[in-house]
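K.L.:
Fold the following for me, if possible:
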Amino acid sequence: MSPGIQAIRGPVLNPSPTGGVEYWPDGVLVGDDRGRIVAAGPWEEVAPRLGLAAEEVPRSAGLILPPLLDAHIHIPQHPIRGRFAENIGADPPGGRLLASLEQNVFPAEGRCESPAHARHVVAAFAADTLASGVIGGAAYMTVHARATRIALEQLPDAWSVGLVLMNARCPAYLRTDEAALADDVASLAAEFGRRLIVTDRFAVSVDTPLRRTGVALARQHGLRMQTHLNEQRAEKALVEEVLYPDAASYTDVYRRDGLLECEPILAHCIQMRSEEFDMVAASGSSIAHCPVSNTLLGSGVMPLDTVRAAGIPHSLCTDVGASPTTSLFCEMAEFLKVHAGSSAAATPEEALRLVTVAPARILGLADRVGTFAPGMEYSFIEVAWDGPAAPVDAREAILAGLLRMSDGDLDAWRGDDPRAQAARRLRQEGLDFGRDLAVLEDDVRAAADRVEGRVRRVTRSGKVAWSLASPTPRVVENAMPDPRITEPPPR
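P.N.:
Below you'll find the predicted structure:
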């Protein structure tokens, strides 16, 4: 090869920005010494054009695809992933979401007031997401400006991080320091720019004056916002009937306070009326679709076809800690299952696009990653392929290669399988507790186990960032106080 040129050969999945996924069973990526892609395509086309010799180009450790991006995830909840709803009882008052926040989430977040603890949590989060092939996204930190700074400093620049706003229905130790907020946002924005996201926790925990302050600060510093919207029925009823009875809807709370004008990423958007989707579409907001979290909490299923018809940008996201894993492959699998039989748009190819090109656009990274094209970063992940030969097409590569699923598995979710019946009830009603929820939870955890350890290597801009051969430790177990305790952290 020419000096300064690097390349890798193997089966390549290339999500297209315009729809679908290209697949090259014998493909090649070629990069330059700046860590940018020079060429990508079938070996038989690219090799002669660039004078590549087969003996000079290393073979991949598996399927090659663009690195993954997660546009909705909670850093301080990483230690309690898989235990988000632990010890809340079968049918807690106010629903599983609000009970989980009080029992498990708020104590875990409170501990990040300690800089040492925050550094530990961010380091474990960074290692675990990278080992899952996730190189960036949009994350929530906490109300603590110092912890938010630690996250922005420790994470690569493809990660944006939110300083969280909260001043109601949360522990006193997790309330925003409103007197210092303007200075905190100004300081963080001056150093990190739009990597800082002003983060309205949700309408239950933020009142209108604080939200409007956050909106004003976002506008002043050219920042975007993120929040949660219409996740569970009990949450929606509390917002619309008790906290903001003068608003036309939950979404209207955000509209009238100006949040929808700040390019927000809106998580969940399940319990929505048609006029709420109209507001979201008109504002240019994006939706973080979190099927695993929505299943495990019994929240329901985002109406995919409605979102697509409205032209609302959306991507698949983990919502850790409500998800037990940072793997977006698990999220892709759940996306296919919960929408089976209800949306023809839920295809394996679309699932891959929703963790690559779609979040890249939402996050403002589409000129760097998401697809393979000249000028993009020479960044990719390699995922184990267990078959005797390369997959024959993109569908097989995604289903069998990434997700360890088959078309037969998807057929079961369209029929009378108990899991399919439970998923239909989840779509129609939401599930608070009971056998259906247990069936779905068992399936999610089995899927998470199946996709664990699929990533073999992660390359960023031409340099190996993570490898199974010499991994960064993903988690240091038992190195922190149990985050499930309910008393405030020591101050």
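K.L.:
and whichever strand or helix holds residue 187, how far out from the chain's middle?
P.N.:
Under DSSP states H and E, the secondary-structure element containing residue 187 is helix 178-192. Put simply, helix 178-192 sits 25 Å off its chain's centre (C-alpha atoms, centre = their mean, to the nearest Å).
K.L.:
So that it lines up with my notes, have the first residue be 23 from now on.
P.N.:
Got it, the first residue is 23 from now on, which makes the last one we talked about helix 200-214.
K.L.:
mind exporting that helix as CSV, just the C-alpha atoms?
P.N.:
The C-alpha coordinates for helix 200-214 follow below in CSV (Å, rounded to 0.1, in the frame of the first residue of the first chain):
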residue,chain,number,x,y,z
GLU,A,200,-30.6,28.2,40.9
ALA,A,201,-28.4,31.1,42.2
ALA,A,202,-25.3,29.6,40.5
LEU,A,203,-27.0,28.2,37.4
ALA,A,204,-26.3,31.1,35.0
ASP,A,205,-22.6,31.1,35.9
ASP,A,206,-22.4,27.3,35.7
VAL,A,207,-23.9,27.2,32.2
ALA,A,208,-21.8,30.1,31.0
SER,A,209,-18.6,28.5,32.3
LEU,A,210,-19.4,25.0,30.8
ALA,A,211,-20.6,26.5,27.5
ALA,A,212,-17.4,28.6,27.2
GLU,A,213,-15.2,25.5,27.5
PHE,A,214,-17.3,22.8,25.8
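K.L.:
ok but residue 317 is inside a helix, no?
P.N.:
Yes. The assignment for residue 317 by DSSP: H, G, I helix; E, B strand; the rest coil puts it in a helix.
K.L.:
ok, back up a step: pLDDT averaged over the helix holding residue 209 - what is it?
P.N.:
Across helix 200-214, pLDDT averages out at 98.
K.L.:
and the next helix or strand after that helix, which strands flank it?
P.N.:
Sequence order places strand 218-222 as the next helix or strand after helix 200-214, per DSSP H and E. In the sheet, strand 218-222 lines up against strand 181-187 (parallel), strand 247-251 (parallel) (DSSP bridges).
K.L.:
Just put those strands in JSON lines and tack on distance to residue 309.
P.N.:
For glycine as for every other residue, the C-beta is placed from the backbone atoms N, C-alpha and C. Supplementary listing: these in JSON lines, determined by distance: least, C-beta to C-beta, whole Å:
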{"stretch": "strand 181-187", "distance to residue 309": "16"}
{"stretch": "strand 247-251", "distance to residue 309": "8"}
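K.L.:
Out of those strands, which gets nearest to residue 136?
P.N.:
Proximity to residue 136, assessed across those by C-beta to C-beta, is greatest for strand 181-187 (16.4 Å).
K.L.:
Show me the contact partners of the closest one.
P.N.:
Applying C-beta atoms under 8 Å, 6 or more residues apart in numbering, the external contacts of strand 181-187 come out as 97, 131, 158-165, 167, 170, 173-174, 177, 198, 203, 206-207, 210, 214, 216-223, 228, 232-233, 236, 248, 385.
K.L.:
Could you check the angle it makes with helix 200-214?
P.N.:
Calculated by axes from the mean of the first three to the mean of the last three C-alpha atoms, to 10 degrees, strand 181-187 forms an angle of 170 degrees with helix 200-214.
K.L.:
any chance of the strands paired with strand 218-222 in CSV, with mean pLDDT and mean neighbour count too?
P.N.:
Listed next are these as CSV, based on pLDDT from 0 to 100; neighbours: other C-beta atoms under 10 Å:
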stretch, mean pLDDT, mean neighbour count
strand 181-187, 98, 27
strand 247-251, 98, 27
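K.L.:
Could you point out which of these sits nearest residue 349?
P.N.:
For these, the distance to residue 349 is smallest for strand 181-187, at 17.1 Å, taking C-beta to C-beta.
K.L.:
May I have the closest one exported as CSV, CA atoms only?
P.N.:
Output of strand 181-187 as CSV, limited to C-alpha atoms (Å, rounded to 0.1, in the frame of the first residue of the first chain):
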residue,chain,number,x,y,z
TRP,A,181,-20.4,12.7,23.6
SER,A,182,-22.7,15.6,24.6
VAL,A,183,-23.6,15.8,28.3
GLY,A,184,-26.5,17.4,30.1
LEU,A,185,-26.4,19.5,33.2
VAL,A,186,-29.8,18.5,34.7
LEU,A,187,-32.4,21.0,36.0
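K.L.:
Of the contacts of strand 181-187, just the buried ones, PyMOL syntax please.
P.N.:
For the buried members of those, the matching PyMOL selection, counting by 16 or more other C-beta atoms under 10 Å, is:
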select buried, resi 97+131+158+159+160+161+162+163+164+165+167+170+173+174+177+198+203+206+207+210+214+217+218+219+220+221+222+223+228+232+233+236+248+385
